[in-house]
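Student: The following block contains a protein sequence and its predicted model.
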Amino acid sequence: MQAKTDIPFRKRFKRKLRRPLEWFGIWLGVLCFSYVSHRTLFKLCDLAAAVMYAFDSKGRALAEKNLKRIFSEKPLSKKRSEIIIRASYRNMARTIGHIFWTSRKAKERAAEVAEMTDECRAFLKENRPAVTVSAHLGCWEVLSQLVYLERLPIMSVAKDIGSAAMTSLLMKSRKSLGQEIVHAEGAFRPLMQALKDGTYVGLLVDQVVKAERGGIWVRYFSTPVPVSVAPAFLAAKAKVPTILAWCRPLKNGHYRCECIKQFPVEKKVDIWGRTQEIMTALEKTIRRHPSCWVLNYRYFRYVPTAEELAQLEERERALKGEG
């Protein structure tokens, strides 16, 4: 979390003025979304998404850039890009709406609209504990809920999401199902202890993490990005398997947890290599379902130094040499 002294006074002042409005928005969201049917929830979310799309010119421009990066070899038409970006906004709005919706009757509602494939269920039954990894793809908030609904303990990592009010709501929603939550800052020890105690660990991997905060440079859609090594490191340290999965939106408005790739326990794990494997596997799913990914996030905002790029290229050469 960024220290207050690192934040300009003007920005801190604006946040202070904005706080009452944010809490009002959260209260209104809970009031509107948590007391309606799932069908009505989606209608409200789709309306909110249409409004966001119309007014978020910066977000649309960023989403378009990210789409061009994903399909750099075969660019999409302008019309196709617009359809995907609109759907991405809709998916994001529905995921946030799901957080509000499950703030009441959490277990009952999660079980009503989501399911898990036999492959994922079998993995969890046969591998306890394990590191579960996902991304901001589909309805990522459902994943940990489904694990808990299988009567299996899981600890998730929470980062500050937007305002303090939104972070507070997210924490409340997650805890309402009985999940254990640990803040990203200083999370390593609690996560390691959880694995030792037989508790699953849930992590999102497609977030920018600087090297000084435990990140490592990998290729993501052919572009260097710094991401967390936590999934690979924790799995190697605790000697547990890893599953990369996502919660796919279905045509009937429900969600299904599907496995992207499994990583068994190995005697010796190349942390960078495993992290790259995870990101590469994730790429393939995103290319198949780009409208399910949060496109208006600045995944590619940092550029590696000459030294960092040289180190990445050296690792890539070593990996090819092993093949």
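Tutor: Right, received. Where do you want to start? Numbering: from 1, shown residues only.

Student: all helices of the stretch 1-150 of the chain, in order?
Tutor: 9-33, 38-55, 57-70, 78-101, 106-113, 118-126, 140-149 (DSSP state H, counting those that start in this stretch).

Student: weakest of the ones you listed in terms of mean pLDDT?
Tutor: Lowest mean pLDDT within the helices of the stretch 1-150 of the chain: helix 9-33, a mean of 59.

Student: a strand runs through residue 246, doesn't it?
Tutor: Yes. Checked against DSSP: H, G, I helix; E, B strand; the rest coil, residue 246 lies within a strand.

Student: List the beta-bridge partners for it.
Tutor: residue 258 (DSSP bridges).

Student: can you pull the pLDDT of it?
Tutor: 97.

Student: Go ahead and confirm it touches residue 142.
Tutor: No. Residue 246 is beyond contact range of residue 142, at 9.7 Å (criterion: CB atoms under 8 Å). Glycine gets a C-beta too; all of them are placed from N, C-alpha and C.

Student: Go ahead and measure how far the helix or strand where residue 256 lies is from the middle of the chain.
Tutor: Following DSSP states H and E, one finds residue 256 within strand 255-263. Mean-position distance between strand 255-263 and its chain equals 14 Å (CA atoms, centre = their mean, to the nearest Å).

Student: In contact with the residue nearest to residue 301 when sequence neighbours are not counted: list those residues for me.
Tutor: Computed as CB to CB, 6 or more residues apart in numbering, the closest residue to residue 301 that is not its neighbour in sequence is residue 208, at 6.6 Å. By CB atoms under 8 Å, 6 or more residues apart in numbering, the contact set of residue 208 is 215, 225, 226, 227, 298, 299, 301, 302.

Student: which of these are buried?
Tutor: Buried members of those, counted by 16 or more other CB atoms under 10 Å: 215, 225, 226, 227, 299, 302.

Student: which SS state does the second one fall under?
Tutor: Pointing back at residue 225 there. Here residue 225 is recorded as strand under three-state DSSP.

Student: Please name the bridge partners of it.
Tutor: residue 218.

Student: correct me, but it touches residue 210?
Tutor: No. Applying CB under 8 Å, one finds residue 225 not in contact with residue 210, separated by 10.8 Å.
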